[in-house]
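> Starting from these lines, generate the structure:
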Amino acid sequence: MQVLKVVSPLRRTQSLRILAILVIFFILASVSRYQGSYEFSIDEDGQVQSVPSDVTEHDIYFTHHIATFDPKDLRPWTKGDTEALRTPEGQEVVDYLTASSFQAPSPENDHSATVLRNDHFLVLTKRLRVYRTLWHSLKGYYDQLVKEGRQDQLFIAPPTEIAPAVALLQRLEQVSFPWILNHYNSSYDLYRSYNRSKEGGRGIIMCVGDHHTRYARPALKALREVVKSKLPVEIYYNGQYDLSAENRAWFEQFENVKTIDITTVLDNNLLQLSGWAVKPFALLASRFSEAILMDSDAYFLDDPAVMFEDDGYKEVGTVYFYDRTLFPGYGGDEKAWLESFLPSMSNHPSKTRWFNRKGSHEMESGVVVFDKRRHLLGLLAVCKMNDRHEREQVTYVKSWGDKETFWIGLEMIQEQYSFVRYRGGVIGNVGDAIPYKEVLPQEEIERYNQGDAPLTATNPIDPKTKIQTHRKYANMDRVCGNQLHFDQRGQPLWWNSGVYTAYMKDEDGVWDFASSCLVQKNPGAIMEVDWEQRKVAFDILRADRDIAVEYNNPGYKEILEIPRLHRTEGAKGGKGNREAI
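Numbering: from 1, shown residues only. You can find the predicted model right below:
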């Protein structure tokens, strides 16, 4: 009987090898799930969100949509995984993860060597998830090297017990993020640079070329002179011909503003950056450990620093904003695309308009708030989606530029993210009207149109123009203007250029995209812009005019002429319509 208990060393080795290989493949693939083990609720804007059962009434799950992953999908790296790498089967897994991303050359297609494989994004997701678990498991080793002043020896003769894991980490970085390796020995060094820089901390990042300066100049002027933001600003441009020396000097006249050529920080020979793709890489390259990435035409009603106090940001390290609900059903099957390369997802994608073909734009990337200390690996995944071949062949074909990459990248590498729950609304004028002109009663307009009565107006204008103007005033069911975004309290926070008197939330209306109007579904959806916020907006308009004068462009002056702004009788904060600025 005792003989039956004896197991040969060879059999024991084979059993351990099989078990180790299964452990690795457990990391590489998981059962497809979208919602995890959470209860469902309907928040005020009608969106379904999954909420942990122990939350309170005022929990952030009711002000934000928090992407949460099933803990079963976040298995850490173990010693068994490292031992498995020593086996032939383990090396097959390594070869699978680090193989070329491109199709094998063929006689029929001379360009096949630069065409991504059909399964590239699936392999990339598996690679990124292994990389994340491996990176965290080896960070203690790197930290010890830092204490000894030997961090540059990370990949040189590591201890035997972790040597296979260190070698895999190096190969994964070389095949995934080669564009950081001309300045950093590893991503650990990049991560460390965020924490040790004396000029780090919190700041604002903008990406500006010469053709963006007419927007970026007033935006920066408004930051410093209107909302009084003291956050340092980095302005990135793409090579010496992208932003002129004159424009660089103009920006740097402001205190704590720097202009930086991104091609001096990252290897642009590999990236070939242009357009939207510069944005996530500027976020990666910035010295700031906590950053607000903003478009050149974004204007704030308050100091942008308030977003660092956002509850979603404090909880998970990001603040994202939703786009407008546009073009439902348009485009391809984004759900099938996501499912093709995300073996598991957080609770977020399945409830998005984008996933359910209820809108072709999910995220607005005009402002992104990002804690790089918590999300360096997620940011690397975002950047990888904006890498040269990925963006040209896949990402920008499936989505509108960089927008969706900020959340899909974090899905690929399984890091939490947060959306302010309100979708992109509109800020503008009621009925496409101009707030400082007189509005005639609807009954008077109708009588005139029928030829029964003349129009009466304080400011005489051409009758034909008067009819057309006041027909616009008659459309009092809509707000027309530019896209607006809200803070976690549902109050206006930032928008894309212009100055206005009213706003409406996306969920309260239906978009008339051709005229940039949001038509209310039910009476009472149109809200008046707070008086103090309106004053801020007009101060921003003054900054616009100042820049127009600098450009000596009569066209700008005509467009940006500043009107007299009257408070509306009974409006919030108003004291009668005689007050003006």
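
> Okay, now the unreliable bits of this protein?
Scanning the chain for pLDDT under 70 picks out 1-58, 107-112, 196-199, 329-332, 430-476, 497-501, 513-515, 553-581.

> can we see that at 50?
Low-confidence segments of the chain (pLDDT under 50): 1-7, 29-42, 44-46, 48, 433-439, 457-474, 559-581.

> How is it divided into domains?
198-420, 425-559 (automatic domain parsing).

> could you dump these to TSV with mean neighbour count and distance to His136?
For the C-beta atoms, the positions are set from N, CA and C on the backbone; glycine is no exception. Below are these laid out as TSV (neighbours: other CB atoms under 10 Å; distance: least, CB to CB, whole Å):
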stretch	mean neighbour count	distance to His136
domain 198-420	20	8
domain 425-559	17	30
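
> now the ones you listed in a markdown table, with distance to Val175?
Listed next are the domains of the chain as a markdown table, based on distance: least, CB to CB, whole Å:
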| stretch | distance to Val175 |
| --- | --- |
| domain 198-420 | 10 |
| domain 425-559 | 37 |
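
> Nearest to Leu145, out of these?
domain 198-420 (17.9 Å; CB to CB).

> roughly how far is that closest one from the heart of the chain?
In terms of CA atoms, centre = their mean, to the nearest Å, the centre of domain 198-420 is found 5 Å from the chain centre.

> contacting residues for the most centrally placed residue in the chain?
The residue lying closest to the centre of the chain (CA atoms, centre = their mean) is Ser365, at 4.1 Å. Going by CB atoms under 8 Å, 6 or more residues apart in numbering, Ser365 touches Trp276, Lys279, Leu293, Asp295, Gly401, Asp402, Lys403, Phe406.

> And what about the closest residue to the first one other than its chain neighbours, helix, strand or coil?
Closest residue in space to Trp276, ignoring its immediate chain neighbours: Gly401 at 3.8 Å, by CB to CB, 6 or more residues apart in numbering. The three-state label for Gly401, taken from DSSP: H, G, I helix; E, B strand; the rest coil, comes out as coil.

> Next, work out how far apart Gly401 and Met385 are.
Going from Gly401 to Met385 by CB to CB, to the nearest Å gives 11 Å.

> how near is the closest residue to His361 other than its chain neighbours to Ser274?
Nearest residue to His361, sequence neighbours excluded (CB to CB, 6+ apart): Asp323, at 3.9 Å. Distance, Asp323 to Ser274, by CB to CB: 22 Å.

> circling back to that earlier point, looking at the contacts of Ser365, which is nearest Leu85?
Checking the contacts of Ser365 against Leu85 with CB to CB, the nearest one is Phe406 at 32.3 Å.

> hang on, isn't that closest one packed against Val382?
Yes - judged on CB atoms under 8 Å, Phe406 makes contact with Val382 at a distance of 5.6 Å.

> Between the two, which contacts overlap?
Common contact partners of Phe406 and Val382 (CB under 8 Å, 6+ apart): Pro280.

> Test my guess that Glu252 contacts Lys258.
Yes - taking contacts as CB under 8 Å, Glu252 lies within contact range of Lys258: 6.7 Å.

> if I've got this straight, His485 is in a strand?
Yes - using three-state DSSP, the secondary structure at His485 is a strand.

> Please report how far it lies from Leu138.
On the measure of CB to CB, His485 and Leu138 end up 39 Å apart.

> how about Val394, what does it touch?
Contacts of Val394 (CB under 8 Å, 6+ apart): Leu116, His120, Phe121.

> Relative to Trp337, how far out is it?
9 Å.

> Repeat that for Arg478.
Noted for Arg478: a distance of 34 Å to Trp337, by CB to CB.

> And Gln483, by the same measure?
According to CB to CB, Gln483 and Trp337 sit 25 Å apart.

> same check, this time on Asn386
Asn386 sits 17 Å away from Trp337, going by CB to CB.

> Out of the contacts of Val394, give me the one that has the most neighbours.
Ranked by neighbour count (other CB atoms under 10 Å), the contacts of Val394 have Phe121 at the top, with 24 neighbours.

> Verify the contact between that one and Pro343 for me.
No - the pair Phe121 / Pro343 is not scored as a contact, 11.4 Å apart, by CB under 8 Å.

> For Leu134, identify the helix or strand it belongs to.
Taking DSSP states H and E as the definition, one finds Leu134 inside helix 120-147.

> export stretch 373-386 as CSV, just CAs?
Output in CSV follows, covering the C-alpha atoms of stretch 373-386 (Å, rounded to 0.1, in the frame of the first residue of the first chain):
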residue,chain,number,x,y,z
ARG,A,373,0.7,58.2,-9.8
ARG,A,374,-2.4,56.0,-9.7
HIS,A,375,-2.8,55.4,-13.4
LEU,A,376,0.6,55.3,-15.1
LEU,A,377,-0.1,51.9,-16.5
GLY,A,378,-3.5,52.9,-17.6
LEU,A,379,-2.1,55.9,-19.3
LEU,A,380,0.5,53.7,-21.1
ALA,A,381,-2.5,51.6,-22.4
VAL,A,382,-4.3,54.8,-23.6
CYS,A,383,-1.1,55.9,-25.4
LYS,A,384,-0.8,52.5,-27.0
MET,A,385,-4.2,52.9,-28.5
ASN,A,386,-3.0,56.2,-30.0
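
> Much appreciated, bye for now.
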